[in-house]
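*Asks:* Coordinates for the following, if possible.
(one chain, ligands or ions: 3)
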Amino acid sequence: MKLKKNARCQICKQKGGNKKAIIFLPHHRLALCKDHYISWFEKRVEKTIKEFKMFSKDDRILVAVSGGKDSLSLWNALAKLGYNADGFYINLGIDQYSQDSKLLAEQFAKKINRPLHILDLSKEVASIPEITKATNRPACSACGTFKRYYMNKFARDAGYSVIATGHNLDDEVAVLFGNTLKWDIDYLKRQYPVLKEENGFLKKVKPLCRITEKESAMYAFLNNIEYIEYECPYSEGASSIEYKELLSKLEEKHPGTKLQFYTNFLKKMYPLLHKEEKKDLTKCKICGEPSFQEVCSVCKLKQQVSKAKTV
Ligand code: SF4
Ligand code: ZN
Ligand code: ZN
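*Replies:* Ligands and ions are numbered 1, 2, ... in the order given. Sure, this is the predicted structure:
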């Protein structure tokens with residue numbers, strides 16, 4: 001259902017006003033003006049933070065910033081809500097994409113006057129294109145491993161108490177759908193908006209997990225947030241994009257499907273899966289970071305990269 005011509009903001013109406021609505025949220029059956037949309041978004045984020053006990057105003061939060069709409073919208077909302085949130089950007093060395101996204105992340109940090117920490121993957125290991133060539137692993141799988149590792153290590157060493165990422169409802173639903181198709185129990189067991197701190201891993205949270213991609217893009221647009229509008233070149237052909245398209249078709253016909261699929265998983269399925277025992281974490285014998293194996297996956301990848309460099 002689209003926004004009707006001349007539709008009025010429902011919140012303004014309740015308060016005796018008559019502002020024109022600029023957005024209609026079909027699965028919430030809400031038409032809102034600019035100001036009420038922005039406050040609706042921020043309230044929804046805050047409600048999620050409180051409901052899942054993600055963090056409080058005393059926490060030092062590190063936001064994983066990619067330069068995209070979700071991470072910047074999240075950072076903006078957290079700053080506005082009064083949380084102590086700084087940014088962390090990893091320069092992956094992916095040509096123009098990394099240059100553009102880094103610039104946008106830096107500009108945004110200046111705009112909201114918050115610190116942005118930058119880690120250069122080329123200095124730590126090598127760029128993603130180099131790593132992909134040396135290890136023969138799909139770019140996104142290596143990239144995800146490095147991002148998780150350095151994000152956690154940096155945040156912990158710098159004294160942050162929680163890491164916040166900009167995963168939105170569409171991301172979560174696409175991953176949930178993929179993992180359900182494969183019945184990948186190990187992944188399903190970890191799919192929750194909060195991963196608690198344990199064995200050297202900091203607490204990780206997803207405050208946008210009930211915000212759709214469109215809602216987050218609208219929030220960025222209304223707040224004049226400049227974000228990277230094209231995708232990373234490696235994202236092409238990712239199965240999650242196909243799932244997103246499929247799920248969006250379903251959502252168009254049946255508004256609320258995505259939210260229901262996700263929230264019912266959290267309410268009904270997750271507790272059942274979570275009853276099972278966990279694998280024991282140990283420490284990587286090379287770098288000392290938490291790992292499920294003797295040598296962690298980052299150190300294994302690093303060995304492959306340095307081997308390829310010496311050949
Ligand atoms: Fe990394 Fe893949 Fe995302 Fe590009 S699309 S930033 S390679 S995870
Ligand atoms: Zn209004
Ligand atoms: Zn290691």
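*Asks:* Tell me where this protein has helices.
*Replies:* Along the chain, the segments classed as helices by DSSP state H run 10-14, 34-51, 69-80, 95-112, 121-124, 128-135, 139-157, 169-181, 185-190, 213-222, 239-253, 257-264, 270-274, 297-310.
*Asks:* Out of the ones you listed, flag the one nearest ligand 3.
*Replies:* Shortest distance between ligand 3 and the helices of the chain, using Cβ to the ion, is found for helix 297-310: 3.3 Å. From N, CA and C alone the C-beta is placed, and that goes for glycine too.
*Asks:* Residue 77: neighbour count?
*Replies:* 25 (other Cβ atoms under 10 Å).
*Asks:* Deepest-packed of the helices of the chain, please.
*Replies:* Most buried of these, by mean neighbour count (mean count of other Cβ atoms under 10 Å): helix 69-80, with a mean of 24.
*Asks:* re earlier: any chance of CSV for the helices of the chain, columns distance to residue 281?
*Replies:* Below are these laid out as CSV (distance: least, Cβ to Cβ, whole Å):
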stretch, distance to residue 281
helix 10-14, 47
helix 34-51, 26
helix 69-80, 27
helix 95-112, 31
helix 121-124, 22
helix 128-135, 24
helix 139-157, 12
helix 169-181, 21
helix 185-190, 13
helix 213-222, 33
helix 239-253, 27
helix 257-264, 27
helix 270-274, 17
helix 297-310, 13
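*Asks:* I'd like the ones you listed as CSV, with distance to ligand 2 and mean pLDDT appended.
*Replies:* As requested, these are exported to CSV (distance: least, Cβ to the ion, whole Å; pLDDT from 0 to 100):
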stretch, distance to ligand 2, mean pLDDT
helix 10-14, 3, 94
helix 34-51, 4, 98
helix 69-80, 18, 98
helix 95-112, 24, 98
helix 121-124, 44, 97
helix 128-135, 44, 95
helix 139-157, 38, 96
helix 169-181, 23, 96
helix 185-190, 39, 92
helix 213-222, 12, 96
helix 239-253, 25, 91
helix 257-264, 23, 96
helix 270-274, 36, 89
helix 297-310, 48, 90
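*Asks:* Tell me which of those helices approaches residue 2 most closely.
*Replies:* helix 239-253 (10.6 Å; Cβ to Cβ).
*Asks:* quick one: is the closest one near ligand 1?
*Replies:* No. Helix 239-253 stays clear of ligand 1 (Cβ under 6 Å from any ligand atom), getting no nearer than 9.6 Å.
*Asks:* Contacts for that helix next, please.
*Replies:* Outside of helix 239-253, the residues within contact range by Cβ atoms under 8 Å, 6 or more residues apart in numbering are 27, 170, 171, 173, 174, 175, 177, 178, 213, 235, 257, 258.
*Asks:* What about ligand 1: which of the residues you listed touch it?
*Replies:* Near ligand 1, by the rule Cβ under 6 Å from any ligand atom, you find residue 235 out of the contacts of helix 239-253.
*Asks:* Which two of the contacts of helix 239-253 have the greatest separation?
*Replies:* 27 and 235 (26.1 Å).
*Asks:* Phi, psi for the nearest residue to residue 266 once chain neighbours are set aside please.
*Replies:* Residue nearest to residue 266 in three dimensions, not counting chain neighbours: residue 192, with 6.9 Å by Cβ to Cβ, 6 or more residues apart in numbering. The phi and psi torsions at residue 192 (degrees, to the nearest 10) take the values phi -140, psi 150.
*Asks:* Same question for residue 6.
*Replies:* Dihedral angles (degrees, to the nearest 10) for residue 6: phi 70, psi 20.
*Asks:* For the stretch 201-311 of the chain, what lies in contact range of ligand 3?
*Replies:* Contact residues (Cβ under 5 Å from the ion) of the stretch 201-311 of the chain with ligand 3: 284, 286, 287, 296, 299.
*Asks:* Quick one, which of the residues you listed are buried?
*Replies:* Neighbour counting with 16 or more other Cβ atoms under 10 Å marks 284, 296, 299 as buried within these.
*Asks:* Let me know the closest of the residues you listed to ligand 1.
*Replies:* residue 296 (18.5 Å; Cβ to the nearest ligand atom).
*Asks:* If I look at residue 28, what pLDDT would I see?
*Replies:* Residue 28 carries a pLDDT value of 85.
*Asks:* if I pick residue 33, what's in contact with it?
*Replies:* Neighbours of residue 33 in contact, by Cβ under 8 Å, 6+ apart: 9, 11, 12, 19, 20, 21, 22.
*Asks:* rewinding a little: wait, which of the contacts of helix 239-253 is closest to residue 129?
*Replies:* Distances from residue 129 to these, taken by Cβ to Cβ, are shortest for residue 235, at 14.1 Å.
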